[in-house]
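**Student:** This is a predicted model, with the sequence first.
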Amino acid sequence: MFDTVRDGGIVLADRAYDSDALRKHLAGRGAWANIRAMPHRREPPVFNRWVYKQRNAVERFFNKLKPFRAVATRYDKRDDNYLASVKLASIRIWLRFNESVT
């Protein structure tokens, strides 16, 4: 699963992926694991909250895309058509939250 990680990369993951074996594997590949530590850890590893917040913002955006069925099911098989539908859905989401009330 983490075979595509390159040197200097950052892996962002949930607490479920918090293990010393995974951190060692990623460190061996030259990557840094920004994974929130499980509460039972006595010495939690280094964790950057700002990077984790950025990950959360991306996850929230994809959760807002899920109601658009064509995007969620990847109805368009061509990459350019799929990207266009993602952009259109993004515009609709943006307009919904930024439209004028007056």
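**Tutor:** Yep, it's here.
**Student:** going forward, measure contacts and count neighbours with C-alpha atoms only.
**Tutor:** Noted.
**Student:** counting contacts, what elements does the longest helix anywhere in the chain pack onto?
**Tutor:** Longest helix of the chain, by residue count under DSSP state H: helix 79-98. Secondary-structure packing of helix 79-98 (3 or more CA pairs under 8 Å, 6 or more residues apart in numbering; DSSP states H and E): helix 49-65, helix 69-72.
**Student:** Let me know the angle separating the longest one from helix 79-98.
**Tutor:** Think helix 49-65. Taking axes from the mean of the first three to the mean of the last three CA atoms, to 10 degrees, helix 49-65 and helix 79-98 form an angle of 100 degrees between their directions.
**Student:** For helix 49-65, give me every contacting residue.
**Tutor:** The contact list for helix 49-65 (CA atoms under 8 Å, 6 or more residues apart in numbering) reads 12, 34, 71, 72, 86, 89, 90, 93.
**Student:** State the pair within those that is farthest apart.
**Tutor:** Greatest spacing in the contacts of helix 49-65, by CA to CA: 34 and 89 (29.8 Å).
**Student:** low-confidence ranges in the protein?
**Tutor:** 1, 100-102 (pLDDT under 70).
**Student:** among the helices and strands packed on helix 79-98, which is nearest residue 98?
**Tutor:** Among the helices and strands packed on helix 79-98, the nearest to residue 98 by CA to CA is helix 49-65 (14.8 Å).
**Student:** So what's the gap between stretch 37-44 and the chain middle?
**Tutor:** What separates the centre of stretch 37-44 from the centre of its chain is 22 Å, taken as CA atoms, centre = their mean, to the nearest Å.
**Student:** That one: end-to-end distance?
**Tutor:** Using CA to CA, to the nearest Å, one end of stretch 37-44 lies 6 Å from the other.
**Student:** What of stretch 64-84?
**Tutor:** Taking CA to CA, stretch 64-84 runs 16 Å from one end to the other.
**Student:** before we move on, what about stretch 35-44?
**Tutor:** In stretch 35-44, first residue to last residue: 10 Å (CA to CA).
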